[in-house]
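>>> only geometry, no sequence info:
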């Protein structure tokens, strides 16, 4: 029904930048909150940043001032601009979207995840 496809990950040196994209497709009426999460080696998945449909943003303290989340509502696409990357940012980054679908029971919101994209920051 709904697919999220992330792209933009890769290997970068400390201090470098990457821009992740998350393209949502399927029978989407609208997307409420979009978010980026990450899971480092041996760690639990953690919140990186979220953005509402109105553009309100929230960031983890560890990325404030370095990462910027944005979205294009017309394209159902989200972005994460990552600057001043550190080795501790190394993780698989996942996109999440609370998507509103039209169902036989009316409008319903469901949470979807992408497959993840690897970000590796070398020191």
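Good, I have the coordinates. What you see is a predicted model, and the numbers here were worked out from it, not measured in a lab.

>>> nearest residue to residue 28 other than its sequence neighbours?
The shortest distance from residue 28 to any non-neighbouring residue, by C-beta to C-beta, 6 or more residues apart in numbering, is to residue 99 (5.1 Å). No exception for glycine: its C-beta is placed from N, CA and C like everyone else's.

>>> got a list of what the residue nearest the centre of the chain touches?
In the chain, the residue lying closest to the centroid (C-alpha atoms, centre = their mean) is residue 36, at 2.9 Å. Counting by C-beta atoms under 8 Å, 6 or more residues apart in numbering, residue 36 makes contact with 20, 22, 48-50, 69, 78, 80, 93-96.

>>> Of those residues, which is the nearest to residue 5?
residue 22 (7.2 Å; C-beta to C-beta).

>>> so the closest one is in which element?
Using DSSP states H and E, residue 22 sits in strand 18-26.

>>> Tell me which strands that strand pairs with, and in which orientation.
According to DSSP bridges, strand 18-26 forms sheet pairs with strand 2-7 (antiparallel), strand 77-82 (antiparallel).

>>> any idea of the mean pLDDT in the helix or strand just after the last one?
So the one you mean is strand 77-82. Scanning forward in sequence from strand 77-82 by DSSP H and E, the next helix or strand is strand 91-103. Strand 91-103 shows a mean pLDDT of 95.

>>> cool, and stretch 16-25?
When pLDDT is averaged along stretch 16-25, the result is 97.
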